[in-house]
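Q: A predicted structure for the sequence below; I have some questions about it.
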Amino acid sequence: MLGIPLQYLLKHPSAVVDLIAHPVETWTKIKDVYVDERERRGPQCLYESGDNWEQWVHARLGVEWPCHFTSEYQSLWFDLVTELEAKGIRPGPESFGSRNDGDAGLIRAIWCLIRHLQPKNVVETGVAHGVTSRFVLEALERNEGGRLWSIDLPR
């Protein structure tokens, strides 16, 4: 395992200074890079998504399909994508380095879950450009209550 940190430090000489100043954060970054590289070497998709996943989710929730909250989502998604692209940001897979902002399908699923289940607390890990955060907050606001707890590490 020592070879991976050494390789990282050789590729990123400024990380030596970071390692001295912020050892925990730098070690976490080194581990993240290692995990990313290892994951990319494996099969990229170990499952198949179904065409009817949204209908399946709604059936499990016991709510009507088609979902009446979808039109709210579509309007917000279009506005957000337009806003982000104007800033030079394209949301979706690998939009935040090797990490992701929420893509349209994930955000749509989260939107429906929050609108239907009306949770009082939502916890997210990783914020990236805040795409998922924005939709969680919008859904909670439309539900007239709830709180988002976001946990993220500095870049």
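A: Structure's in. What do you need?

Q: Name the spans of the protein whose pLDDT lies under the cut-off.
A: The model of the chain has pLDDT under 70 over residues 1-6, 8, 42-47, 92-100, 155.

Q: now the helices: where do they sit in it?
A: With DSSP state H as the criterion, the chain has helices at 3-11, 14-21, 23-41, 53-61, 70-86, 104-117, 131-142.

Q: which ones are touching S133?
A: Residues counted as contacts of S133 (CB atoms under 8 Å, 6 or more residues apart in numbering) are 124, 127, 148, 150. (Each C-beta comes from the backbone N, C-alpha and C, glycine too.)

Q: Ok, W65 next?
A: 54-55, 58-59.

Q: switch the cut-off to 10 Å
A: For W65, the contact set (CB atoms under 10 Å, 6 or more residues apart in numbering) comprises 52, 54-59, 112.

Q: any idea how far it is from D36?
A: According to CB to CB, to the nearest Å, W65 stands 37 Å off from D36.

Q: just L10 next, same as before
A: In terms of CB to CB, L10 sits 17 Å off from D36.

Q: and of the helices of the chain, who's closest to P154?
A: Closest to P154 of the helices of the chain is helix 23-41 (CB to CB; 6.6 Å).

Q: Identify each buried residue in stretch 25-41, please.
A: Across stretch 25-41, burial judged by 16 or more other CB atoms under 10 Å covers 26, 29-30, 33-34.

Q: one step back: which one of the contacts of W65 sits in the busiest neighbourhood?
A: Within the contacts of W65, most neighbours by other CB atoms under 10 Å means C112, with 22 neighbours.
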